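Peer 1: next comes the sequence, and after it the predicted model I'd like to discuss.
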Amino acid sequence: MNRTSSSSASADEEHQRAGAIVSAQQESLIENSNIPQANAETTQGWNDWKWQLRNRIRSVEQLAKYLNLSGEVSNLSAVAERYPLAITPYYANLIRRPDLSDPIFQMAVPQCQELFSPAFLDDDPLEEHQDMPVPGLIHRYCDRALLIATTTCGSYCRHCTRKRIAGMRESTISATRLRQVAEYLSNHPEISDVIVSGGDPLTMATAALEKILETLRSIKSISVIRIGTRVPVVLPMRITDELVNMLKKYHPVWINTHFNHPNEITDESISACTKLADTGIPMGNQSVLLRNVNDKPFIIEQLCRRLISIRVRPYYLYQCDLVRGVEHFRTPLSKGIEIMEYLRGRLSGIAIPNFVVDAPHGAGKIPVTPNYIISMSPTHTVLRNYEGLLVNYPEPGAAYEPCSDKDDRTAGVWELATGKASLLAHDSIARIKRRRKSTVKKITPSISTDKKSVLLTDENGLLHCRTKGAAGC
Ligand code: SF4
């Protein structure tokens with residue numbers, strides 16, 4: 001009992017601390033006066049997505065200057081040569097502290113660990129290239145396909161799963177490629193859902209993106225178009241009236257965003273998501289579980305709460321892929337399970353994402369959850385809830401009579417699985433009942449003693465420590 005209350009007290013304290021950290025960060029915005037501002041240009045420049053793209057931080061030297069980076073940064077040039085660097089001024093301005101304690105810094109600024117390359121990592125661990133029937137189109141699941149429309153992004157996430165292509169050569173799909181893709185999709189009417197991805201398709205010119213959507217809509221068998229984008233996070237000013245008016249011509253269009261941390265939810269990103277939601281675009285969010293960025297239950301809880309408040313449903317929480325260059329972000333699988341254990345019961349179902357492992361060798365997404373099934377028999381399934389309460393769930397069918405075998409010695413999971421009990425609470429466990437009944441009188445004799453306590457054995461040979469003069473201990 002003491003353990004339970006003390007651990008929930010510390011969870012609450014941690015929770016409050018997390019809230020305090022986040023709000024302190026929001027209040028103590030660093031005056032990032034070196035970050036490219038609209039400067040000579042007007043503030044309209046800052047709110048113009050094209051200005052943001054033109055003024056991205058693209059080199060380690062710029063980065064060092066803008067963020068006042070101290071210490072050795074020359075090593076980072078080798079990293080940026082291997083994996084491109086780009087940060088929009090807007091996203092750079094969300095960095096509160098220019099060091100690894102800041103989640104945005106970690107996700108945006110190159111780190112030497114990206115060059116760590118153990119043998120079990122791969123540039124393409126999901127084997128996307130092997131599931132490409134035509135260049136740029138991944139056909140893995142029967143009814144879905146993913147189109148790589150561009151290799152350009154607003155900012156290049158250090159944890160990107162497509163590090164092998166994102167930003168390597170900024171380009172968009174050619175007309176010839178798009179024709180090949182359309183031909184394949186037309187010849188495969190089993191594909192009804194196409195995800196336009198990249199790179200980030202919302203960095204494309206509106207007309208170029210419209211050409212893709214128009215082409216997809218012209219294929220009768222395609223009913224749903226989804227767009228995967230991190231633009232609401234790193235370049236929210238891109239969600240313009242012009243863009244949403246174009247998108248709504250091609251409904252049903254869904255958008256999956258990529259928020260990883262509550263600090264990414266700002267007035268600007270809220271306004272971008274509001275505009276998309278008001279256009280009738282359902283939105284889901286795909287987060288990646290990242291070491292030292294969001295691998296705390298209360299950070300994910302806070303992120304999920306904020307997402308549903310801006311009409312973005314938490315959809316997936318991904319285990320970090322086995323991608324070369326992101327190993328330092330990877331957490332043990334158990335961390336994700338622990339987080340899911342924490343969320344269930346605290347958040348409503350619409351706020352809880354699915355924790356998935358996108359398995360190597362193209363095995364696809366595998367949901368991984370805490371185990372809620374404790375035992376089963378033909379008549380009953382024993383389930384546990386988030387509080388640890390065990391209940392039986394009777395299976396349908398009159399043929400299943402509760403077990404009539406007698407066993408009065410104990411009450412446990414077997415009683416639930418055979419319908420002899422419907423709930424197993426701590427207090428109904430025979431051994432616990434016996435302990436409760438046990439009194440000082442039954443505990444004899446003393447086998448050890450000092451000034452403050454006495455050690456006793458009961459009739460079952462169990463040891464009890466008693467403080468002298470107290471009722472029990
Ligand atoms: S926006 Fe997406 S594709 Fe681009 S770098 Fe980030 S995770 Fe990769």
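Peer 2: Now that the structure is in, tell me what you want to look at. These numbers were taken from a predicted model, which means no experiment stands behind them.
Peer 1: can you give me the neighbour number for residue 431?
Peer 2: If you count neighbours by other Cβ atoms under 10 Å, residue 431 ends up with 11. Every residue, glycine included, has its C-beta placed from N, CA and C.
Peer 1: cool, and residue 211?
Peer 2: 17.
Peer 1: and if you look at residue 304?
Peer 2: 26.
Peer 1: state the distance from it to the ligand.
Peer 2: With the distance defined as Cβ to the nearest ligand atom, to the nearest Å, residue 304 ends up 19 Å from the ligand.
Peer 1: repeat for residue 110
Peer 2: Distance of residue 110 to the ligand, computed by Cβ to the nearest ligand atom: 12 Å.
Peer 1: wait, residue 339 touches residue 319, no?
Peer 2: No - Residue 339 is not in contact with residue 319 according to Cβ atoms under 8 Å; the separation is 10.8 Å.
Peer 1: what's the closest non-adjacent residue to residue 273?
Peer 2: residue 310 (4.7 Å; Cβ to Cβ, 6 or more residues apart in numbering).
Peer 1: that neighbour against residue 270, yeah?
Peer 2: Yes - at 5.1 Å, residue 310 and residue 270 qualify as touching, with contact defined as Cβ under 8 Å.
Peer 1: so for these two, which sits in the more crowded spot?
Peer 2: Set side by side, residue 310 and residue 270 show more neighbours around residue 310, with 20 against 17, by other Cβ under 10 Å.
Peer 1: do you know the pLDDT at that one?
Peer 2: Reported pLDDT at residue 310 in the predicted model: 98.
Peer 1: related to what we said a few turns ago, what sits in contact with each of residue 339 and residue 319?
Peer 2: Counting by Cβ atoms under 8 Å, 6 or more residues apart in numbering, the shared contacts of residue 339 and residue 319 are 289, 355.
Peer 1: ok so residue 196 is a strand residue?
Peer 2: Yes - with DSSP: H, G, I helix; E, B strand; the rest coil as the criterion, residue 196 is part of a strand.
Peer 1: for it, list each beta-bridge partner.
Peer 2: Residue 196 has the following beta-bridge partners by DSSP bridges: residue 147, residue 227.
Peer 1: hang on, isn't it packed against residue 225?
Peer 2: Yes - applying Cβ under 8 Å, one finds residue 196 in contact with residue 225, separated by 6.6 Å.
Peer 1: what do these two both touch?
Peer 2: With Cβ under 8 Å, 6+ apart as the test, residue 196 and residue 225 both reach 213, 216.
Peer 1: neighbour-wise, which of the two wins?
Peer 2: Neighbours around residue 196 and residue 225, counted as other Cβ under 10 Å, are more numerous at residue 196. The numbers are 24 against 21.
Peer 1: mind listing what that one touches?
Peer 2: Counted by Cβ under 8 Å, 6+ apart, residue 196 has contacts 147, 149, 209, 212-213, 216, 225-228.
Peer 1: using a markdown table, lay out those together with distance to the ligand.
Peer 2: Formatted as a markdown table, the contacts of residue 196 follow (distance: Cβ to the nearest ligand atom, whole Å):
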| residue | distance to the ligand |
| --- | --- |
| 147 | 13 |
| 149 | 11 |
| 209 | 15 |
| 212 | 16 |
| 213 | 19 |
| 216 | 20 |
| 225 | 18 |
| 226 | 14 |
| 227 | 12 |
| 228 | 7 |
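Peer 1: take those residues and write them to JSON lines, including distance to residue 291 and pLDDT.
Peer 2: Below are the contacts of residue 196 laid out as JSON lines (distance: Cβ to Cβ, whole Å; pLDDT from 0 to 100):
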{"residue": "147", "distance to residue 291": "31", "pLDDT": "98"}
{"residue": "149", "distance to residue 291": "30", "pLDDT": "97"}
{"residue": "209", "distance to residue 291": "34", "pLDDT": "98"}
{"residue": "212", "distance to residue 291": "35", "pLDDT": "98"}
{"residue": "213", "distance to residue 291": "37", "pLDDT": "98"}
{"residue": "216", "distance to residue 291": "37", "pLDDT": "98"}
{"residue": "225", "distance to residue 291": "34", "pLDDT": "98"}
{"residue": "226", "distance to residue 291": "28", "pLDDT": "98"}
{"residue": "227", "distance to residue 291": "28", "pLDDT": "98"}
{"residue": "228", "distance to residue 291": "23", "pLDDT": "98"}
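Peer 1: where do the strands sit along the stretch 51-200 of the chain?
Peer 2: 137-138, 144-148, 193-197 (DSSP state E, counting those that start in this stretch).
Peer 1: let me fix that, I meant to ask about the stretch 351-473 of the chain.
Peer 2: 354-359, 364-367, 373-376, 380-384, 390-394, 423-424, 446-449, 453-457, 463-467.
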